[in-house]
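J.: Here is a sequence together with a model predicted from it:
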Amino acid sequence: MKILFLGDIVAKSGREAVVRMLPDLKIRYGADFTIVNGENAAHGKGITVKIYRALKAAGADVITLGNHAFSKREIIEKLPECPDLVRPANMEPQDAGQTFVIRTCGKHRIAVINVVGELLMDGSTESPFTAADKLLQQIDADIIFCDLHAETTSEKEIFLRLFADRMTAVIGTHTHVQTADEKIYRGCAFMTDAGMCGAADSILGRDAEEVIARTVRGEKTHYTPAEGDAMICGCLITVDDETSRAVGIERIRLTAGD
């Protein structure tokens, strides 16, 4: 079977591109199951029920989040309306939403989990290693996919080596920059960062001039998402139907016209 994963969807440019292109991408790549990260989908920070529904209607089976999971406060009260939304297990509030979901695809039970890193990150309640181990003790599934929303390459590589034998895929998100290190490690698909789905002419999806004004000149600015044609970044994971282990991973990076 094939699992399609798209990295951080950033603001209007990214979400409109994903909603428009996802049905065709699923056909192009022969995807049996699709996961997208929506934690930056609402104006660059957070997600709303409206956006969740649009991504689901476009063909996403499960939507993962990250450190901006609850930036739009309305989502906390609306989480019961979003059964296919997975929040990071090691973030407050602990009693809001689901830390994993299990869905059936063909003869497989697929579990999708989401944890955030500790290094150079704020808001985690415990290490991603401890959080993931606790989740695995609760899960009974053939395939386990982890969206590891973290900053550093080292933390992600450590996570892979700790959990490769217990997971089918560990795919990093958060940095918005796609890495060229996709590999299969002991039957587990891995990529340090899937990249973003957002405006190609930007700084990590933000308006470049706004970022320069804030960073270089010290100006007080508001978060301004970039506009324009979006890139679509992610990966396609091939899983052996008999062993439920990953046997292939392909980087996906599309720009306007692809």
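T.: Sure, I can see it.
J.: tell me the pLDDT at the residue lying farthest from the centre of the chain?
T.: Farthest-out residue of the chain from its mean C-alpha position, per Cα atoms, centre = their mean: R217, at 32.3 Å. R217 is assigned a pLDDT of 95 by the prediction.
J.: What separation is there between it and E39?
T.: Look at R217 and E39: by Cβ to Cβ, to the nearest Å, they are 29 Å apart. Placement of C-beta: from N, CA and C, glycine included.
J.: Quick check: the residue farthest from the centre of the chain vs A199, distance?
T.: 22 Å.
J.: Provide a complete list of residue ranges assigned to helices in the chain.
T.: 11-28, 49-58, 74-78, 128-136, 153-163, 208-215 (DSSP state H).
J.: need the ones you listed in CSV with mean neighbour count, can you?
T.: As requested, the helices of the chain are arranged in CSV below (neighbours: other Cβ atoms under 10 Å):
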stretch, mean neighbour count
helix 11-28, 19
helix 49-58, 17
helix 74-78, 16
helix 128-136, 19
helix 153-163, 18
helix 208-215, 14
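J.: Nearest to C233 among those would be which one?
T.: Taking Cβ to Cβ, helix 11-28 is the member of those nearest to C233, at 9.6 Å.
J.: low pLDDT regions in the stretch 101-250 of the chain?
T.: Nowhere does the stretch 101-250 of the chain drop to pLDDT under 70.
J.: check contacts around the residue lying closest to L85 once chain neighbours are set aside.
T.: Distances taken as Cβ to Cβ, 6 or more residues apart in numbering place I63 nearest to L85, at 5.1 Å, with adjacent residues excluded. The contact partners of I63, taken as Cβ atoms under 8 Å, 6 or more residues apart in numbering, are I35, V36, N37, G38, I47, Y52, L55, K56, C82, D84, L85, V86.
J.: Bridge partners for the residue sitting nearest the centre point of the chain, pull those for me.
T.: By Cα atoms, centre = their mean, the chain has its centre lying nearest to N37, at 3.1 Å. Beta bridges link N37 to T64, judged by DSSP bridges.
J.: for it, what are its contacts?
T.: Contacts of N37 by Cβ under 8 Å, 6+ apart are 5-9, 63-66, 147, 149, 173, 194.
J.: gap between it and T243?
T.: 27 Å.
J.: wait, isn't S124 in contact with E92?
T.: No. Under the criterion of Cβ atoms under 8 Å, S124 is not in contact with E92, lying 9.3 Å apart.
J.: What's the separation between the closest residue in space to D84 that isn't next to it in sequence and V170?
T.: Of all residues not flanking D84 in the chain, V62 sits nearest, at 5.0 Å (Cβ to Cβ, 6+ apart). Distance, V62 to V170, using Cβ to Cβ: 16 Å.
J.: so K45 sits right up against H68, yeah?
T.: Yes. With contacts counted by Cβ under 8 Å, K45 reaches H68, the gap being 4.5 Å.
J.: Which per-residue confidence value corresponds to R73?
T.: At R73, pLDDT is 88.
J.: can you tell me which residues contact it?
T.: Contacts of R73 by Cβ under 8 Å, 6+ apart: none found.
J.: ok, so what distance separates it from T125?
T.: Distance from R73 to T125, by Cβ to Cβ: 19 Å.
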